[in-house]
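# just a sequence and a predicted model for now, questions to come.
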Amino acid sequence: MDRKTKFRRIRRRKRNRQIFIGLLTLLVLCFIILLVQWKDYQTMKSSNLHIKKPIPALAENGKKKTKTKNQGLENKSAAPKAESPKENPEINIIFAGDTMFDWGLRPILEANGYEYPFVYVKDKVQKADYAFVNAETVFTDKSEKDPSQLFWIKSDPKGLQSLKNTGFDMLNLGNNHTLDYLRSGLNDTLNYVQQFGFDYIGAGRNEDEAYSSKEIEIKGKKFRFFSFVRFLPDVNWIAQNDRSGIPNGYDLELVKKTILEQKGDADYIVVYFHWGVEKQNIPTDYQFEYVKELQKIGVDLIVGSHPHWLQGFQYYNGMPVAYSLGNFLFPPYVKNESAQTGLLNVTFKGDQIKMNFEPFIILNGQIIPVENNNREQFLQYLQSISFDAKISNTGDITPK
């Protein structure tokens, strides 16, 4: 046998040996898989037999329990049975935009009463599990104004009573009018708001109170509300340890730190921002950055106002955003975009958070419904300025 032939035979034997080992390994693996599946089948069969096995009836004093004449009848004197709590109840929270009771509204309110503006929204607000509105005003009789401000807004406390009667539960106090009448005006506002029994966020007598979130339990679920202001006339308005004021929303890292420190074991985190540019229907670049960063730290919903115009909606990685709810109640001079308003109804159920917008318009000091073709056009307009969201003719806002 020559050397070349011998080399070929050795190489052939080596290749055959590798094929044999490969086939043997494959057979062993198949046998192991079949064995595991057979054991799983036997375990499942045994479990099913066990579950189907009837549970023997309990005995009393060793005797078989017999059905008496009155068995199954309601015991009127017994305490009612506690209902088992629902793990994921459906919870509806309504949000509304900038609200005040000053300027051209005063004669209308004096003539028609402070309930007059809310006649058409009252039933809808009261049906919600909870309702939130931005108070774009202070409630005070003080007259000294902050000279750094351009426009000043103050309202009669009767406005608070009408908001309470309409069904609102929480007020946001943090905006660019919170200190129009200086710190004495803010102090009056805080006193009145507490007197009328409102929950509130966005302002305080010191730094701790101003930055404090508010935890609200609804149907067994914990909601934590935060407020930040990213438009103000003077940095002196920002609360500190020794002075009242509002929470700083200009510092994104501070915003994130505040949320992370206070979120606790909340089921839902809601952040309200007073932000953006007035008389614009599109958010600015920094707002998109805020949305991106807050979604990363677990915020569930962002709602904003300040532009006095409605802005669009978005679902950013599943997190719903309402960039601006515009005005809710403003004087009769408002028209077109500044008169467009509505109620944002947010439904929470487990991991699902859905938005619905009900269009209204401000007309002569009253919030009235938008109907028929005008309603359809209104919703189509909102669709045109929204991001990654679709708005149906019923106002449902869903991700695209």
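Arrived safely. In this text, all values refer to a predicted model and were calculated from it rather than measured experimentally. Numbers count the residues shown, from 1 in each chain.
# just checking, next helix/strand downstream of the helix or strand hosting residue 381?
Using DSSP states H and E, residue 381 sits within helix 372-384. Next along the chain after helix 372-384, taking DSSP H and E as the criterion, comes strand 389-391.
# buried sites along the longest strand seen in the chain?
In the chain, with assignment by DSSP state E, the single longest strand is strand 352-363. By 16 or more other Cβ atoms under 10 Å, the buried positions in strand 352-363 come out as 353-362. To be clear about C-beta, it is placed using only N, CA and C from the backbone, and glycine gets the same treatment.
# just confirm residue 314 contacts residue 390, I think it does.
No: Residue 314 is beyond contact range of residue 390, at 11.3 Å (criterion: Cβ atoms under 8 Å).
# what about the closest residue to residue 264 other than its chain neighbours, neighbour count?
Computed as Cβ to Cβ, 6 or more residues apart in numbering, the closest residue to residue 264 that is not its neighbour in sequence is residue 224, at 6.8 Å. Neighbours of residue 224 under the rule other Cβ atoms under 10 Å: 22.
# quick one, which of residue 314 and residue 390 is more surrounded?
Using other Cβ under 10 Å as the criterion, residue 314 and residue 390 rank with residue 314 on top: 22 against 13.
# before we move on, back to that, how about the buried residues of strand 352-363 in a markdown table, adding distance to residue 96 and pLDDT?
As requested, the buried residues of strand 352-363 are exported to a markdown table (distance: Cβ to Cβ, whole Å; pLDDT from 0 to 100):
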| residue | distance to residue 96 | pLDDT |
| --- | --- | --- |
| 353 | 18 | 98 |
| 354 | 18 | 98 |
| 355 | 14 | 98 |
| 356 | 14 | 98 |
| 357 | 11 | 98 |
| 358 | 10 | 98 |
| 359 | 13 | 98 |
| 360 | 9 | 98 |
| 361 | 14 | 98 |
| 362 | 12 | 98 |
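# ok, of those, which one's closest to residue 216?
Of all the buried residues of strand 352-363, residue 216 sits closest to residue 353, with 15.8 Å by Cβ to Cβ.
# against residue 262, how distant is that closest one?
Distance of residue 353 to residue 262, computed by Cβ to Cβ, to the nearest Å: 20 Å.
# tell me who's in contact with residue 332.
Each residue near residue 332 by Cβ atoms under 8 Å, 6 or more residues apart in numbering is listed here: 104-105, 108, 363-365.
# what does the residue nearest to residue 264 show for phi and psi?
The phi/psi pair for residue 224 (degrees, to the nearest 10) reads phi -120, psi 120.
# contacting residues for it?
Contact analysis of residue 224 by Cβ under 8 Å, 6+ apart lists 213-216, 262-264, 266, 268-270.
# select only the buried ones of those residues in PyMOL?
Applied in PyMOL, the following selects the buried portion of the contacts of residue 224 according to 16+ other Cβ under 10 Å:
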select buried, resi 213+214+216+262+263+266+268+269+270
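# in space, what's closest to the residue positioned nearest the centre of the chain - neighbours in sequence excluded?
Nearest residue to the geometric centre of the chain (Cα atoms, centre = their mean): residue 301, 3.7 Å. Once flanking residues are discounted, residue 301 sits nearest to residue 270: 4.8 Å by Cβ to Cβ, 6+ apart.
# pretty sure residue 276 belongs to a helix, no?
No: read with DSSP: H, G, I helix; E, B strand; the rest coil, residue 276 is coil and lies in no helix.
# any idea how far residue 323 is from it?
Distance of residue 276 to residue 323, given as Cβ to Cβ: 7 Å.
# what about the stretch 151-300 of the chain, any weak spots by pLDDT?
Low-confidence segments of the stretch 151-300 of the chain (pLDDT under 70): none present.
# which residues do residue 276 and residue 323 both contact?
Common neighbours of residue 276 and residue 323, using Cβ under 8 Å, 6+ apart, are 283, 287, 304, 311.
# what's the local residue count around the nearest residue to the first one once chain neighbours are set aside?
When you say that, I think you mean residue 283. Distances taken as Cβ to Cβ, 6+ apart place residue 323 nearest to residue 283, at 4.7 Å, with adjacent residues excluded. Here the number of neighbours of residue 323 (other Cβ under 10 Å) works out to 29.
# so how far is residue 302 from residue 323?
As judged by Cβ to Cβ, residue 323 and residue 302 stand 8 Å apart.
# so where do the helices sit in this structure?
For the chain, the helices defined by DSSP state H cover 3-52, 105-112, 122-127, 158-166, 182-195, 207-211, 252-262, 285-296, 372-384.
# residue ranges with poor pLDDT in the stretch 1-150 of the chain?
Counting by pLDDT under 70, the stretch 1-150 of the chain has low-confidence residues at 1-12, 14, 18, 22, 26, 28-86.
# wait, residue 398 sits on residue 383?
No: using Cβ under 8 Å, residue 398 is not in contact with residue 383, being 11.1 Å away.
# between the two, what contacts are shared?
Contacts common to residue 398 and residue 383, judged by Cβ under 8 Å, 6+ apart, are 389-390.
# tell me the contacts of residue 184?
If you count contacts by Cβ under 8 Å, 6+ apart, residue 184 has them with 140, 142, 144.
# who's in contact with the last one?
Contacts for residue 144 were tallied using Cβ under 8 Å, 6+ apart; they are 181-182, 184.
# I'd like those residues as TSV, with distance to residue 247 appended.
Shown next, in TSV, are the contacts of residue 144 (distance: Cβ to Cβ, whole Å):
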residue	distance to residue 247
181	19
182	18
184	20
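# closest one to residue 334 out of those residues, please.
Relative to residue 334, the closest of those is residue 181; by Cβ to Cβ it sits at 22.8 Å.
# dump the residue contacts of that closest one.
Residue 181 makes contacts with 138, 140, 142-146, 152, 154, 188, as judged by Cβ under 8 Å, 6+ apart.
# hang on, the earlier thing: okay, the residue nearest to the centre of the chain and residue 178: tell me how far apart.
23 Å.
# likewise for residue 307?
For residue 307, the distance to residue 178 equals 17 Å [Cβ to Cβ].
# mind checking which of the two has more residues around it?
Higher neighbour count among residue 307 and residue 178: residue 178, with 31 against 28, using other Cβ under 10 Å.
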